[in-house]
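**Student:** Sequence below, structure please.
(chains A and B)
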Protein chains: 2
Amino acid sequence: MKKNNYLEGFSKMSREQKLSTMARLADDPQSFTKELKSFRYADDPIQQRFEQFSENILSNYHLPFGIAPNFLIDGKLYHIPMVTEESSVIAAASKAAKFWYKHGGIQTEKISTRKRGHIHFSWYGTPGELEKLYKEFEKKLPSYISELTGNMEKRGGGITEVWLSDQHEELPDYYQIGLSFETVDSMGANFINSVLEKAAELLKTESEKDHPGKLEVIMAILSNYTPGSYVQMKAECAVEALNELDGNTNGAELAEKFHKAIEIADHSVSRAVTNNKGIMNGVDAVVIATGNDFRAIEAGVHAYSVDRGRTTSLSQCEVNGGVFTFRLRIPLALGTVGGLTNLHPLASRALEILGKPSAKELMRIAGAVGLASNFSALHSLITTGIQKGHMKLHLENILMALDVDETMKEKIKARFKNQSVSYSQVKAFIEGEL
Amino acid sequence: MKKNNYLEGFSKMSREQKLSTMARLADDPQSFTKELKSFRYADDPIQQRFEQFSENILSNYHLPFGIAPNFLIDGKLYHIPMVTEESSVIAAASKAAKFWYKHGGIQTEKISTRKRGHIHFSWYGTPGELEKLYKEFEKKLPSYISELTGNMEKRGGGITEVWLSDQHEELPDYYQIGLSFETVDSMGANFINSVLEKAAELLKTESEKDHPGKLEVIMAILSNYTPGSYVQMKAECAVEALNELDGNTNGAELAEKFHKAIEIADHSVSRAVTNNKGIMNGVDAVVIATGNDFRAIEAGVHAYSVDRGRTTSLSQCEVNGGVFTFRLRIPLALGTVGGLTNLHPLASRALEILGKPSAKELMRIAGAVGLASNFSALHSLITTGIQKGHMKLHLENILMALDVDETMKEKIKARFKNQSVSYSQVKAFIEGEL
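**Tutor:** Numbering: from 1, shown residues only, chains lettered A, B, ... in the order given. This next block holds a predicted model:
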């Protein structure tokens, strides 16, 4: 490794200075510089825009942008843009979409969009004094934050609820003021945080008037735990319809196996986590494609999966009277205006492909893709296993990385056909050791 | 919205056919096609490689690739590549890195790399019969899977443990065979799943010999719940050193506020989820930059945060005898060979910038970035609030989207200085309504 020094004033360097500084760490600085530059977008104003999304930017990381076609959701057809680096995710979602298209599609059962944030504070006076202070705060709040809320209210959103929560018995001196928000088609993080910080300012000012030193605001921030902003999707068919998924299996048996697989995920944390990961493979691919924040969604979804004190399955399966029902309920707080949705050209294009949906419509779409991803993954797992499909793709990837000629490729494919394979095995085979 | 038809055989279309099919959904098909194409990588063989990562690929989604410099981790200096679309994430990580560089850096306290997978099955015989069958299975397993494990063993990895887990009292007829794995520098998902599916095949064959019809394999798959593959990072300084973070605050007071903020996150699910989201802002940016799977990491991390029956803070803060200690323990299963690490040119470059680390070293790096992200986010939250910094960046983004001239830009900046701002407010201001 090259000598690695402390870099004074790195953030103030020009982009090219930053790049050449990093190139010094590379084996071949020239090819490093050339390659990093080659990933920049050719149109410079757009590239500059990407560089303002974040800090100290050298180039762009490319993730494949693909389409899962033929999703029938609430009777409407969608071809869904997905951004993922994981093989099989788009293929699996598409396969499930095709099956459910023939069986009535995927439906929304419930949807809600209530977001929340809190002022977290310590209070050293009596609960009675705080109650009085809170009443004053509540009365003054609307006018105090009207400059922030005016436009949101015009669009049909705003603050929907305010409450005081006394938690000092569990954590000494600790109280919350909670606020509920409706942010219409924006994700609303900046709006919510601005309102909360301004509200915290009012709370502090009010307390200083009558109770100097008795109140300390710790912080004011939205919560990514959004159990009140969720979507519940359902897909349903006759048990015999599952025969169509593959030739070998009896629909009733397959339905029972789906049911058992979900029961296991509901019972075993080890399985629940991976079951839910498979759901998020699909959800995140839509979240990224449409310019939303996948860390926020991931945090909210996994916290929501906690039930009976542990992680459980987010999807549910019922087999009842010859009917197979597959359900997914997940919290989602998505936006279709503001943030990257306007700024990233491909996020805008993704929304265009989807017919410029509202935030609620995008929640249904992401929820449907989550359901479809889980349905296909489970189907593979309970029948052939996931490795058969993966291995074919995996072998292709290995061949790409090894850069061998066509004749050798064919030999390798014949040798490892229908078989598990690793990079080192293929390498050993090429070198005549296997 | 344009007419949207069911697309028969979409996956079999050529890339250009797929693109023109999607372009029909756009307002202006020609500009849509041109823009989608403009995001493809200029070097066609590399572009083809991206298109083999996933399915039905039209183009690439660009995410900014930047650097958080000056991380001192276990006495070694790193400049860390991060891929994120969220503003402030890289700046915040860099700010914390700079502070901790001056105070001994960030240290690894504990690290472990045990991964697990399971054969999930139903057993309809007696527990005694299963015990005997399991013994037979365990004896035959090593030779049955030797073709798969040989190379991993040469590299120092392989299966480290096998066990039978009887869970039929909680879920009728349900049992697991668990396997522990060491996968050295690869993430190992394909290796683990291949071994598990092959082991399930052996289990089925063995059971059919003496107990036909008594055993049904439901599925065999790795678990993304990896409490045995984790890293625990620590940063420590004298309480007074915190004075350096900003001029206005007393170090001891700031330390107490950090402590209180973490206590709140540990107590309140609403706050815990967002606290942990902030950690993952940093962790995921490293995970993506180095070609790892962020859905797997997210699922494992959030499940691990469940304690006392609910989501709690993954970071911890102690203030003791004038010493401030900040800790983060998270499960991570990362690879630095195999998968995208070899195939995505920028993932390879990211690993090169990091000095081609081992998987364990990358775990320390990602853990340190998680700790730094959380430390900086909390510092902002408990002092000025996060909106001040965000709003400056947010206003820049709004100005980009609105495409106004320099004179108007300056007017807007003056009007909204040090103030919360929304897209619609700026628009109203431009149109003379504010």
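**Student:** element containing the nearest residue to residue A:84 once chain neighbours are set aside?
**Tutor:** Leaving aside its chain neighbours, residue A:84 sits nearest to residue A:285 (4.1 Å; criterion: Cβ to Cβ, 6 or more residues apart in numbering or on different chains). In short, each C-beta sits where N, CA and C put it, glycine included. Using DSSP states H and E, the element containing residue A:285 is helix A:269-289.
**Student:** and the angle from that helix to helix B:269-289?
**Tutor:** Angle of helix A:269-289 versus helix B:269-289, following axes from the mean of the first three to the mean of the last three Cα atoms, to 10 degrees, is 70 degrees.
**Student:** show me where the stretch 201-350 of chain A has helices.
**Tutor:** Along the stretch 201-350 of chain A, counting by DSSP state H, counting those that start in this stretch, helices occupy A:251-267, A:269-289, A:294-304, A:340-343, A:345-353.
**Student:** would residue A:137 count as being in a strand?
**Tutor:** No: counting by DSSP: H, G, I helix; E, B strand; the rest coil, residue A:137 is not found in a strand; it is helix.
**Student:** Verify the contact between it and residue A:203 for me.
**Tutor:** Yes: the criterion here is Cβ atoms under 8 Å, and residue A:137 meets it with residue A:203 at 5.4 Å.
**Student:** where does chain A dip in pLDDT?
**Tutor:** Scanning chain A for pLDDT under 70 picks out A:1-3, A:248, A:389-390, A:393, A:418-420, A:422, A:424, A:434.
**Student:** about what we covered before: can you redo the helices of the stretch 201-350 of chain A as JSON lines with distance to residue B:380 and mean neighbour count?
**Tutor:** Output for the helices of the stretch 201-350 of chain A, formatted as JSON lines (distance: least, Cβ to Cβ, whole Å; neighbours: other Cβ atoms under 10 Å in any protein chain shown):
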{"stretch": "helix A:251-267", "distance to residue B:380": "38", "mean neighbour count": "21"}
{"stretch": "helix A:269-289", "distance to residue B:380": "25", "mean neighbour count": "28"}
{"stretch": "helix A:294-304", "distance to residue B:380": "17", "mean neighbour count": "26"}
{"stretch": "helix A:340-343", "distance to residue B:380": "21", "mean neighbour count": "21"}
{"stretch": "helix A:345-353", "distance to residue B:380": "26", "mean neighbour count": "22"}
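**Student:** As JSON lines, these with distance to residue A:235 would be great.
**Tutor:** Output for the helices of the stretch 201-350 of chain A, formatted as JSON lines (distance: least, Cβ to Cβ, whole Å):
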{"stretch": "helix A:251-267", "distance to residue A:235": "12"}
{"stretch": "helix A:269-289", "distance to residue A:235": "13"}
{"stretch": "helix A:294-304", "distance to residue A:235": "19"}
{"stretch": "helix A:340-343", "distance to residue A:235": "28"}
{"stretch": "helix A:345-353", "distance to residue A:235": "22"}
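**Student:** shared neighbours of residue A:137 and residue A:203, anything?
**Tutor:** Residues touching both residue A:137 and residue A:203 (Cβ atoms under 8 Å, 6 or more residues apart in numbering or on different chains) are residue A:177.
**Student:** Return the residues of the stretch 101-250 of chain A in contact with chain B.
**Tutor:** A:101, A:116, A:118, A:120, A:122, A:148, A:151-152, A:154-155, A:167, A:170-171, A:174, A:176, A:190-191, A:193-195, A:197-198, A:200, A:218-225 (Cβ under 8 Å from any Cβ of the partner chain).
**Student:** Just the buried ones from those?
**Tutor:** A:101, A:116, A:118, A:120, A:122, A:148, A:151-152, A:171, A:174, A:176, A:190-191, A:193-195, A:197-198, A:200, A:218-225 (16 or more other Cβ atoms under 10 Å in any protein chain shown).
**Student:** out of the helices of the stretch 201-350 of chain A, nearest to residue A:320?
**Tutor:** helix A:251-267 (9.9 Å; Cβ to Cβ).
**Student:** didn't residue A:41 look like it was pressed against residue A:48?
**Tutor:** No: at 9.2 Å, residue A:41 and residue A:48 do not qualify as touching, with contact defined as Cβ under 8 Å.
**Student:** more neighbours, those two?
**Tutor:** Higher neighbour count among residue A:41 and residue A:48: residue A:41, with 18 against 13, using other Cβ atoms under 10 Å in any protein chain shown.
**Student:** Surely the more buried one forms part of a helix?
**Tutor:** No: counting by three-state DSSP, residue A:41 is located in no helix; its state is coil.
**Student:** List phi and psi for it.
**Tutor:** phi -80, psi 140 (degrees, to the nearest 10).
**Student:** now residue A:120
**Tutor:** For residue A:120, the backbone dihedrals (degrees, to the nearest 10) come out as phi -100, psi 120.
**Student:** So it is in contact with residue A:174, correct?
**Tutor:** Yes: under the contact definition of Cβ under 8 Å, residue A:120 touches residue A:174, with a separation of 7.5 Å.
**Student:** anything in contact with each of the two?
**Tutor:** If you check residue A:120 and residue A:174 against Cβ under 8 Å, 6+ apart, the residues they both contact are residue B:264.
**Student:** Would you map the strands across the stretch 301-434 of chain A?
**Tutor:** Using DSSP state E, counting those that start in this stretch, the strands assigned to the stretch 301-434 of chain A run over residues A:306-307, A:310-311, A:315-320, A:323-331.
**Student:** Would you mind giving those strands as CSV with mean neighbour count added?
**Tutor:** Below are those laid out as CSV (neighbours: other Cβ atoms under 10 Å in any protein chain shown):
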stretch, mean neighbour count
strand A:306-307, 16
strand A:310-311, 22
strand A:315-320, 18
strand A:323-331, 21
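**Student:** Out of the ones you listed, which is closest to residue B:270?
**Tutor:** strand A:323-331 (12.2 Å).
**Student:** Quick one: residues contacting residue A:372.
**Tutor:** A:68, A:71, A:92-93, A:96-97, A:100, A:106, A:282.
**Student:** Just give me how far the longest helix anywhere in chain A sits from the chain centre.
**Tutor:** Scanning chain A for the helix with the most residues, using DSSP state H, yields helix A:359-382. Remark: helix A:359-382 is offset 12 Å from the chain centroid, using Cα atoms, centre = their mean, to the nearest Å.
**Student:** Now do that helix against strand A:323-331: the angle between them, please.
**Tutor:** Going by the same axes, to 10 degrees, helix A:359-382 makes 130 degrees with strand A:323-331.
**Student:** So which residues make contact with stretch A:406-415?
**Tutor:** A:395, A:399, A:404, A:426, A:429-430.
**Student:** now the end-to-end length of stretch A:4-18.
**Tutor:** 14 Å (Cα to Cα, to the nearest Å).
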